[in-house]
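In: got a predicted structure here, sequence first:
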Amino acid sequence: MTVDGKQYFLAFQGNNVTVNGNVYQVSMCATGSDSSAAPTSGTDGATTPVTAQMPGVVLTVLVGEGDQISAGQNILVVETMKMQLYVAAPVSGTIAEMAVKPGDQIIIGQLLASLR
């Protein structure tokens, strides 16, 4: 994989990914065009959690509580393995809670935001 002109060598085995010789535990989620499996925003007050898929540090929060967002819209930037990764909203809705702030260390599975 090449990111910003720098080449990274990746190897996947189960829940582990090796990046340039360093092993990280990750969780994978399927993506695709099957909209029946995609979460949807509801009007019943339920929230959709946005969780960390990799450990890292929050660099920038792009939205605030109460902001209206669209599915696929970037809501924050995380640095992980010396790469900047954008975290996108899985559904359209409103930011109910932003659970992290710039500088926070995050772990896999940690709540980053809740969408309503």
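Out: That came through, no problem.

In: and the residue positioned nearest the centre of the chain, bridged to which residues?
Out: Compute the mean C-alpha point of the chain, and by CA atoms, centre = their mean the closest residue is residue 87, 3.8 Å away. Beta bridges link residue 87 to residue 76, judged by DSSP bridges.

In: isn't it right next to residue 56, touching?
Out: No - counting by CB atoms under 8 Å, residue 87 sits too far from residue 56 to count as a contact (10.0 Å). All C-beta atoms are positioned from the backbone trio N, CA, C, and that covers glycine.

In: overlap in contacts, those two.
Out: residue 78 (CB atoms under 8 Å, 6 or more residues apart in numbering).

In: circling back to that earlier point, and the residue nearest to the centre of the chain, how close does it get to residue 22?
Out: Taking CB to CB, to the nearest Å as the measure, residue 87 falls 22 Å from residue 22.

In: over to residue 59?
Out: Distance from residue 59 to residue 22, by CB to CB: 20 Å.

In: between those two, tell me which one has more neighbours.
Out: The neighbour comparison of residue 59 against residue 22 (other CB atoms under 10 Å) goes to residue 59, with 15 against 8.

In: skipping its backbone neighbours, what lies nearest the more buried one in space?
Out: Once flanking residues are discounted, residue 59 sits nearest to residue 77: 4.5 Å by CB to CB, 6 or more residues apart in numbering.
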